[in-house]
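Engineer: return a 3D structure for these sequence lines:
(one chain, ligands or ions: 1)
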Amino acid sequence: MARCGTQAHFLAGGTSLVVDLKTDRYQTDHVISLNRIAALRGISPADNGVRIGSLTTLDELATSDLIREKCLVICEAAREMASPQIRNLGTVGGNIVGAVPCADLPPVMTVMYSTINLWSLSGVRNMPIEAFFVGPRQTVRRNDEILTEVIVPQPPARFGAAYARFGLREANSVSVAAVAASLVLKADGTVDQARICLSAVAGKPTLVADAESGLAGKVLNESSLDRAAKAAMATAQPISDVRGSAYYRRELIGTLTRRALLAAQKRAAGEK
Ligand SMILES: Cc1cc2nc3c(=O)[nH]c(=O)nc-3n(C[C@H](O)[C@H](O)[C@H](O)COP(=O)(O)OP(=O)(O)OC[C@H]3O[C@@H](n4cnc5c(N)ncnc54)[C@H](O)[C@@H]3O)c2cc1C
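Structural biologist: This is a model prediction of the structure:
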């Protein structure tokens, strides 16, 4: 990659890149496959959580016992993505580096407080996943950097996370709007910490800072849910396209924020 210059592209599963090359979104003389780098594969326990290698396929993510046990929300998001054929080829790294605004893994990994590692001949850079995205298909990655892994930390006690996604059909449809949420509850049931990340309604995954701070110290009830939903709707900057109007997407965000927060609360409270 260092020899080929800025027009070259890494190839993982190719489910996005090949489409982009065929449709002339990108032109390139060089495609460099990462597929023989064994160190980029696999899901394993890390010191303080789980390490997910960037070449892990979406199917491996959806069917991993470790992921289901330690970060159920990531397993659930992966299960809802695309189709079996795409999940067999598509990878975690491609989903993140592609930085498509409706990609499913960035929001759920964000509410799990994940970090990523980028490797190049100049060394390793580590950052919170939310700091990686700049805009549609734009990230802070330099062209010679390989995304090597995602680290999902071990959540604290009374933690729950959930993902509410709306697509136009059950399978093989990207989300029209989606909300990932996580909550840490105090022993008395009030919210200690909240994280809400919107997807497909802005150029990049977007945290809803007002809702997060507004929920701290509160019980999740009709009025706090309503305030959080309104803050999420105000933060969204949706566009109108073939999948839905901006108005429709904003309305969806209100509903999905409520759903994600209620499901996260149940999990944080230990309910199945
Ligand atoms: C029919 C269809 C349905 C789909 N449905 C969904 C869906 O429901 N949800 C969703 O989120 N996505 C969906 N996608 C998009 C895509 O399949 C996923 O984002 C997939 O995870 C991409 O991974 P990949 O390995 O195929 O990426 P590739 O196509 O190989 O690469 C994508 C981009 O990332 C770069 N890249 C890949 N890995 C690395 C790395 N380790 N380091 C540096 N750069 C890297 C490549 O250079 C390229 O620019 C769908 C695609 C199709 C064709």
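
Engineer: can you list the buried residues in stretch 251-260?
Structural biologist: Glu251, Leu252, Ile253, Gly254, Leu256, Thr257, Arg258, Arg259, Ala260 (16 or more other Cβ atoms under 10 Å). All C-beta spots, glycine's among them, are computed from the backbone N, C-alpha and C.

Engineer: switch those over to TSV; also include secondary structure.
Structural biologist: Shown next, in TSV, are those (DSSP: H, G, I helix; E, B strand; the rest coil):
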residue	secondary structure
Glu251	helix
Leu252	helix
Ile253	helix
Gly254	helix
Leu256	helix
Thr257	helix
Arg258	helix
Arg259	helix
Ala260	helix
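
Engineer: stretch 141-160 near the ligand at all?
Structural biologist: Yes - Stretch 141-160 lies within reach of the ligand by Cβ under 6 Å from any ligand atom, at Ile146, Leu147.

Engineer: just the endpoints, please. Distance across that stretch?
Structural biologist: Stretch 141-160 has an end-to-end distance of 30 Å (Cα to Cα, to the nearest Å).

Engineer: buried sites along that stretch?
Structural biologist: So stretch 141-160, judged by 16+ other Cβ under 10 Å, has buried residues 141, 144-153, 155, 158-160.

Engineer: what do you get for stretch 5-16?
Structural biologist: Neighbour counts using 16+ other Cβ under 10 Å place Ala8, His9, Phe10, Ala12, Gly13, Gly14, Thr15, Ser16 of stretch 5-16 among the buried residues.

Engineer: quick check: mean pLDDT of stretch 39-57?
Structural biologist: The average pLDDT for stretch 39-57 rounds to 95.

Engineer: what helix or strand does the residue nearest the centre of the chain sit in?
Structural biologist: When the chain is reduced to its mean C-alpha position, the nearest residue by Cα atoms, centre = their mean turns out to be Pro106, at 1.8 Å. For Pro106, the host element (DSSP states H and E) is helix 105-111.

Engineer: by contact count, what packs against that helix?
Structural biologist: Judged by 3 or more Cβ pairs under 8 Å, 6 or more residues apart in numbering; DSSP states H and E, helix 105-111 is in contact with helix 72-80, helix 92-98, strand 159-166, strand 177-185, strand 191-199.

Engineer: surely the residue nearest to the centre of the chain meets Pro128?
Structural biologist: No - taking Cβ atoms under 8 Å as the definition, Pro106 is not a contact partner of Pro128, at 11.4 Å.

Engineer: what touches both of these two?
Structural biologist: Overlap of the contact sets of Pro106 and Pro128 (by Cβ atoms under 8 Å, 6 or more residues apart in numbering) is empty.

Engineer: show me what contacts Ser114?
Structural biologist: Pro128, Ile129, Val150, Ile151, Val152, Pro153.

Engineer: now the fourth one: closest residue in space that isn't a chain neighbour?
Structural biologist: For Ile151, ignoring the flanking residues on the chain, the nearest one in space by Cβ to Cβ, 6 or more residues apart in numbering is Thr115 at 5.0 Å.

Engineer: can you name the residues bridging to the one you found?
Structural biologist: Under DSSP bridges, the beta-bridge partners of Thr115 are Pro128, Ile151.

Engineer: for Asp20, find the nearest of the helices and strands packed on helix 105-111.
Structural biologist: Smallest distance to Asp20 across the helices and strands packed on helix 105-111 (Cβ to Cβ): 8.6 Å, for helix 92-98.

Engineer: mind giving me the packing neighbours of that closest one?
Structural biologist: Where contact means 3+ Cβ pairs under 8 Å, 6+ apart, helix 92-98 is packed against helix 58-63, helix 105-111, strand 146-153.
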